[in-house]
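> the following block contains a protein sequence and its predicted model.
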Amino acid sequence: MSNELTEAGGKTRLYVAGDLGEGVAVTLDEGQTHYLLHVLRAETGNLVSLFNGRDGEWLAEITAAAKRGVTATCRRHTQAQRGTPDIWLAFAPVKKTPSDYLVQKAAELGVSVLQPVFTRRTIVGRINEERMAANAVEAAEQSGRLTVPEVRSGISFDKLLASWPQDRRLLFCDEGGDAKSMTQAARESRGGPSAILTGPEGGFDPQERAALRALPFVVPVTLGPRILRADTAALAALAIWQAVAGDFS
């Protein structure tokens with residue numbers, strides 16, 4: 001077996017909550033212990049990479065491997081901490097496409113906050129926040145990012161607008177056809193605090209569209225001549241913003 005577990009499914013990266021630093025020993029949780037011992041067949045002396053969203057990435061040696069828990073001790077700092085672009089995604093949960101997929105792909109695209117929104121036409125009545133958070137962590141581990149996106153509790157459309165920080169531009173994906181392009185809106189944001197808002201399968205109702213267009217921090221945007229599915233729109237908008245104003249460029 002490769003010492004760094006690179007031959008057992010790729011470089012192993014794990015997100016941990018505790019502090020990281022030279023010589024710091026970290027006790028991994030039950031799920032991580034199971035994954036290392038029973039999936040990767042890890043043993044004492046193997047190396048894994050750890051990150052916590054604050055202290056960069058550390059190469060750590062497994063110094064204890066038992067069913068009751070695995071301990072990994074930090075040996076070398078391999079990446080300095082860096083942040084992600086300040087882009088949020090507010091989205092209406094979609095029934096036909098599980099939220100798992102959207103959360104995973106949005107995390108891979110570098111989103112910093114995931115905010116579920118219940119609109120008038122949203123079919124999904126509730127979300128599994130714990131599952132969403134787990135998917136965000138897994139995507140962060142696999143994609144190489146050093147932060148994990150924040151997964152927020154679901155909120156109603158009206159409460160979202162009432163509590164919105166007005167210094168953050170809200171790029172509202174509007175199907176009305178008279179909005180500026182997402183590329184232009186992203187360029188104008190110059191990488192400043194921004195968020196993307198996408199609706200449910202049936203789109204926003206007329207009153208919601210009117211309420212959004214009346215707010216000074218809202219910028220209606222279009223994603224082109226075709227009508228996109230809700231999940232496709234969210235990911236396409238994120239990719240465009242990242243390419244123009246984020247870290248894709």
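Great, that's in hand. Everything numeric in this text was worked out from a predicted model, so none of it was measured.
> which residues does the residue positioned nearest the centre of the chain contact?
Nearest to the geometric centre of the chain sits residue 107, at 2.8 Å (C-alpha atoms, centre = their mean). With contact set as C-beta atoms under 8 Å, 6 or more residues apart in numbering, residue 107 has these partners: 114, 135, 136, 139, 140, 143, 145, 148, 149. The way it works is simple: take the backbone N, C-alpha and C, and place the C-beta from them, glycine included.
> want to try TSV for these, with secondary structure, distance to residue 11 and pLDDT as columns?
Conversion of those to TSV gives the following (DSSP: H, G, I helix; E, B strand; the rest coil; distance: C-beta to C-beta, whole Å; pLDDT from 0 to 100):
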residue	secondary structure	distance to residue 11	pLDDT
114	strand	25	97
135	helix	20	94
136	helix	19	96
139	helix	15	97
140	helix	14	97
143	helix	12	94
145	coil	14	95
148	coil	17	97
149	coil	21	97
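> who wins on neighbours among the residues you listed?
The residue in the contacts of residue 107 with the most neighbours, by other C-beta atoms under 10 Å, is residue 149 (27 neighbours).
> so that residue sits against residue 111, correct?
Yes - contact criterion C-beta atoms under 8 Å: residue 149 and residue 111 qualify, at 5.2 Å.
> quick one: common contacting residues for the two?
residue 84.
> circling back: element containing the residue nearest to the centre of the chain?
Counting by DSSP states H and E, the secondary-structure element that holds residue 107 is helix 99-108.
> how about that helix: buried residues?
If you call a residue buried by 16 or more other C-beta atoms under 10 Å, then helix 99-108 has these buried ones: 99, 102, 103, 104, 105, 106, 107, 108.
> lowest pLDDT pick from these?
Across those, the bottom pLDDT score, 79, is held by residue 99.
> would you check that that residue makes contact with residue 132?
Yes - using C-beta under 8 Å as the test, residue 99 is close enough to residue 132 to be in contact (5.9 Å).
> who touches both of the two?
Counting by C-beta under 8 Å, 6+ apart, the shared contacts of residue 99 and residue 132 are residue 116.
> show me where this structure has helices.
Counting by DSSP state H, one finds helices in the chain at the ranges 30-34, 99-108, 129-143, 157-162, 182-189, 206-213, 230-245.
> would TSV of those helices with distance to residue 78 be doable?
Output for those, formatted as TSV (distance: least, C-beta to C-beta, whole Å):
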stretch	distance to residue 78
helix 30-34	19
helix 99-108	21
helix 129-143	15
helix 157-162	39
helix 182-189	32
helix 206-213	44
helix 230-245	24
